Structure formats: C-alpha cells, structure tokens
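S.K.: Any chance you could fold what I've pasted below:
(chains A, B, C and D)
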Number of protein chains: 2
Amino acid sequence: MTTLSIGELAERVGVGIDTIRYYERSGLLAPATRLPSGYRRYGAAELRRLLFIRRAKALGFSLPEVQELLELSSRKSVASIKRAAEAKLADIDRRIDELNQIRHGLESLVEACPGHGRAEACPILHALAGEAPR
Amino acid sequence: MTTLSIGELAERVGVGIDTIRYYERSGLLAPATRLPSGYRRYGAAELRRLLFIRRAKALGFSLPEVQELLELSSRKSVASIKRAAEAKLADIDRRIDELNQIRHGLESLVEACPGHGRAEACPILHALAGEAPR
DNA sequence: CTTGACTCTGGACCCGGGTCCAGAGTTCAG
DNA sequence: CTGAACTCTGGACCCGGGTCCAGAGTCAAG
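M.R.: Okay, the predicted model is just below:
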C-alpha cells in the first residue's frame, strides 16, 4: 500500500488526526485526494510535507512562518530561506539571553540565602515586592 | 498623591487597564483598596508587585509561574523558599538547554547554507524535508 | 454478512493571556 | 456648573493551535 489513510499518516508522523484536518483547513496542507467514499488518501509527498511542518514547528516556527517557509521553498529562493532561518536564530538567541538574565538574578538570590533563620534574612523574599494575595 | 488610579498605574507600568483588572481577577494582584466610589487606588507596594509581574512575564514566565514566584514570600520556612527558588532555577536551566539545542541545529544549517543558488543546494530545505545530510 | 474500527462533516470547546464593549456612575479642570 | 475624561461591572470576543463531539457513512477481518 503506497497510500495512507489519515489515521495511518497521523500515526507515522506522531500527530492527531484532527491536527491533519486542521492543517488542511488552514492551508498548510493541500486538500487531500479522496477515495470515492470521501476518505482522504495520502502519498509520500504529503508524508514528507507533514514531517517538514512538524520539524519546522519543533525548531520554533509558528504555523504562519512554516507556511512562509513552504512557499519560499517552492520558489527556490535560497537566499530568503537563509534569511528566515537567520531571523529565527536571532529570535532564539534573544530568548536565551533573557532567560540567562533571570537565571543569574535568581542564582545570586539563591546563593545569598542562608536557607535557614528568620524570613527577614532571606534575600529572595526581599526581592519580591508587595504582599501575596490571599 | 501617593496613591494611583488604575489608569495612572497602568500608564506607569506600561500595561492596559484591563490587564490590571484581569490580574486581579486571576489572583496575581490582591483585590485593590477602593474609594467610597468604588474606584481602585494603588500604592507603592502594588506598583512594585505589578512591575515584578511584568518583568517576570517579559522573561518568559507564564502567569501561573509568576504566581508561584510571588507565593514564595508567603512560605513559612526559609528553607522551603530556597528550595522553591532552586527548583525554579533548574526549570530555567532546562528551558535554556532546550533552546540551545534548537539553536545549535538551526545554526549549523544556516552556516552550511551558501545563501544562493538552486534550492537543491540549501541544507535548510534538505533538513526540513527530512533528507539525510550528505 | 456482521461487527468493530475507521472516517466523514460542521461546529463547539479548550487554554492562555488578554482586549473590548455598553451603559452607568465619578472626578476634575475651567 | 458643566463637559470631558475617567472608572465601574459583567460579559463577549480575539488569537493560536489545536481537540472533541455527534451522527452518519465506510472498510475489512472473520
């Protein structure tokens, strides 16, 4: 069997059936070819495309961004693909930097906290402003 | 005036009025003190707390996570505060690791891409298409 | 042929994190 | 005093990215 039902495709890619239909509805996947019964059938190309979508998602691309990538790839514009990847890379770097900043702040608080004694001596508490809601 | 109206507070923190009410509804901010008219008034503690929330959000914490951070101050034991802070630190480290993995994958693709020529020469496309690297 | 598993559709619903609205009351500068 | 600007409430709505449902039709193993 070189074609797959939607359930088989979903299983292979590790995604829900509803997700595939959702991707079709939102234009990420072309409308599937149908059996006379109306059942969708998928071939190798659709499998590759769906895997492409999942991998791009795993790299942090949103669905609209994935769609852009797919369109770019069909236009054979290597330069713009590279630019998109570089922009996403810069995006990830920015997120990492931000996390590192809070990491260092939190780390220095943890290091300065004796771990015992009166609450007033805990610098973690001092760093938190205001009263907790009750 | 040492107290602020909700609009003034919103302006100072750079957030919408509705967001402040939303935070109050969802328990991140204690119910505001009210004027006889029912208008909310805010003091320095609330301002600090709201700034804390925005900073933590800007650093990628979800609202429930921010709430956890804030609730550290209501713990009785300094030791448990420290443990919670350490757990949050480990959490941040895990996130940074994940982002770094994505980052390295993307970076090597970007570096390997010539940035011009035919699509077949673009390793980014090949990687997304699930082809073995050559 | 029967039966259980699969698939179809349109639409509702979920979560997070807000954002906007109408209609009524309040505050304040001039 | 007046009018503009502000604030109140409850509820509706938005986006992203799915997820679930009912009721009807289809497929395939035994």
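S.K.: Spit out the contact partners of A:Thr3.
M.R.: Counting by C-beta atoms under 8 Å, 6 or more residues apart in numbering or on different chains, A:Thr3 makes contact with A:Arg41, A:Tyr42, A:Gly43. All C-beta spots, glycine's among them, are computed from the backbone N, C-alpha and C.
S.K.: what about the nearest residue to A:Pro31 once chain neighbours are set aside, distance to A:Leu99?
M.R.: The shortest distance from A:Pro31 to any non-neighbouring residue, by C-beta to C-beta, 6 or more residues apart in numbering or on different chains, is to A:Glu24 (6.2 Å). Look at A:Glu24 and A:Leu99: by C-beta to C-beta, to the nearest Å, they are 35 Å apart.
S.K.: pull the longest helix from chain A.
M.R.: In chain A, with assignment by DSSP state H, the single longest helix is helix A:78-112.
S.K.: Can you confirm whether it lies near DNA strand D?
M.R.: No: applying C-beta under 7 Å from any atom of the strand, one finds helix A:78-112 out of contact with DNA strand D, separated by at least 12.9 Å.
S.K.: Is there proximity between that helix and chain B?
M.R.: Yes: Helix A:78-112 reaches chain B (C-beta under 8 Å from any C-beta of the partner chain) through A:78-79, A:81-82, A:85-86, A:88-89, A:92-93, A:95-96, A:98-103, A:106-107, A:109-110.
S.K.: before we move on, back to that, among the contacts of A:Thr3, which one lies nearest to DNA strand C?
M.R.: The shortest approach to DNA strand C among the contacts of A:Thr3 belongs to A:Arg41, at 8.1 Å (C-beta to the nearest atom of the strand).
S.K.: What is the burial count for that closest one?
M.R.: Neighbour count of A:Arg41, defined by other C-beta atoms under 10 Å in any protein chain shown: 17.
S.K.: could you check the angle helix B:78-112 makes with the longest helix of chain A?
M.R.: 160 degrees (axes from the mean of the first three to the mean of the last three C-alpha atoms, to 10 degrees).
S.K.: Can you read off the pLDDT for A:Leu128?
M.R.: Note on A:Leu128: pLDDT of 57.
S.K.: Helices of chain A, start to end?
M.R.: A:6-13, A:17-25, A:44-58, A:63-74, A:78-112, A:123-127.
S.K.: Confidence-wise, which helix or strand of chain A is lowest on average?
M.R.: Using mean pLDDT, DSSP states H and E, helix A:123-127 stands out as the lowest-scoring helix or strand of chain A, at a mean of 63.
S.K.: Got the domain ranges for chain A?
M.R.: Domain assignment for chain A, taken from automatic domain parsing, gives A:1-76, A:85-134.
S.K.: circling back to that earlier point, which strands or helices does the longest helix of chain A pack on?
M.R.: helix A:63-74, helix A:123-127, helix B:78-112, helix B:123-128 (3 or more C-beta pairs under 8 Å, 6 or more residues apart in numbering or on different chains; DSSP states H and E).
S.K.: which of the ones you listed is buried the deepest?
M.R.: helix B:123-128 (a mean of 22; mean count of other C-beta atoms under 10 Å in any protein chain shown).
S.K.: A:Glu107: what's it in contact with?
M.R.: Contact partners of A:Glu107, counting by C-beta under 8 Å, 6+ apart, are B:Leu89.
S.K.: Fine, thanks again, bye for now.
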